[in-house]
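Undergrad: mind folding the following:
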Amino acid sequence: MRAGGKLQTALRLIYPSRCLTCSTMVESDFGLCGPCWRDTPFIGGLVCDCCGTPLPGEDLGEVEICDDCMTIARPWERGRAALLYKDNGRKLVLALKHGDHHEIARPAAKWMVRAAAPLLKPNMLVAPVPLHWTRMLKRRFNQSALLAEQVAREVDLAYCPDLLVRARRTKSLGGLSWEERFAEVSETIKIHPKRAHRIAGRPVLIVDDVMTSGATLAATVEACKAARAAEVSILTLARVAKDA
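TA: Residues are numbered from 1 along each chain as shown. Okay, the predicted model is just below:
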């Protein structure tokens, strides 16, 4: 056994792997126990090709669009999500975002990559939805960047953590209508002037933790399109759905 393998074995004896949601000991690192896996709302089967929300019916290989995405103009080409934002899905997002549980990013990225398989393309650039610097200063990290970095690593794609910046701080979008959300974030996200050369003529994958209305993602994608990205797709850890 190599030295690295011996070290890993020793660490597992001292610090046994635990379930991400209930802390029960599990056999593998960065995993869920059986009951928590069953209770985690992974998205599968037929989904909206634009946002990843689950749809009724069987997946016959045809493109399907949900009612929301038929009603609201989406500036991106395609989208996927790994989980529904409810139950354990919500717990995992909040633990990553507000509980400093950065260890969630690695397994979450594996789930996200599985969902994102139809979106991935050679030479694709992976980037997170940015935080305003004042929120970054307070929170100390961008949860979307943690996810984006791990996603890029999983599929061996280029990663640019500061591709985009927030030109101004927006108020919380909670409790706002769709129209108010889109108005609040309009033109608040820009391409970093020193990173514009990385995006022109290239497919881009924008990563975020949660999609609710899609307002923030839309502002991010529009900034990419303005910088002449070839096409832009979106990937989130969780999707807020009407039945969630």
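Undergrad: shaky segments in this structure?
TA: Counting by pLDDT under 70, the chain has low-confidence residues at 1-16, 28-30, 171, 173-174, 176, 178, 243-244.
Undergrad: now do the strands in the chain.
TA: Listed in chain order, the strands found in the chain under DSSP state E are 79-84, 125-128, 158-159, 164-166, 189-191, 203-211, 231-239.
Undergrad: make a markdown table from those and add mean neighbour count and distance to residue 25 to it.
TA: For glycine as for every other residue, the C-beta is placed from the backbone atoms N, C-alpha and C. A markdown table is the format used below for the strands of the chain (neighbours: other C-beta atoms under 10 Å; distance: least, C-beta to C-beta, whole Å):
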| stretch | mean neighbour count | distance to residue 25 |
| --- | --- | --- |
| strand 79-84 | 27 | 23 |
| strand 125-128 | 26 | 32 |
| strand 158-159 | 15 | 32 |
| strand 164-166 | 20 | 40 |
| strand 189-191 | 21 | 42 |
| strand 203-211 | 24 | 27 |
| strand 231-239 | 26 | 24 |
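Undergrad: tell me which of the ones you listed lies nearest to residue 97.
TA: Smallest distance to residue 97 across those (C-beta to C-beta): 6.1 Å, for strand 203-211.
Undergrad: just to revisit the earlier point, in JSON lines, list the strands of the chain along with distance to residue 47.
TA: Listed next are the strands of the chain as JSON lines, based on distance: least, C-beta to C-beta, whole Å:
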{"stretch": "strand 79-84", "distance to residue 47": "7"}
{"stretch": "strand 125-128", "distance to residue 47": "20"}
{"stretch": "strand 158-159", "distance to residue 47": "25"}
{"stretch": "strand 164-166", "distance to residue 47": "26"}
{"stretch": "strand 189-191", "distance to residue 47": "26"}
{"stretch": "strand 203-211", "distance to residue 47": "12"}
{"stretch": "strand 231-239", "distance to residue 47": "9"}
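Undergrad: for residue 149, which of those strands is the nearest?
TA: Closest among the strands of the chain, using C-beta to C-beta: strand 158-159, at 5.6 Å.
Undergrad: what about the helices in this protein?
TA: Using DSSP state H, the helices of the chain run over residues 3-14, 34-38, 67-71, 87-98, 105-116, 133-139, 143-155, 178-185, 215-226.
Undergrad: closest one to residue 44 among these?
TA: helix 105-116 (8.4 Å).
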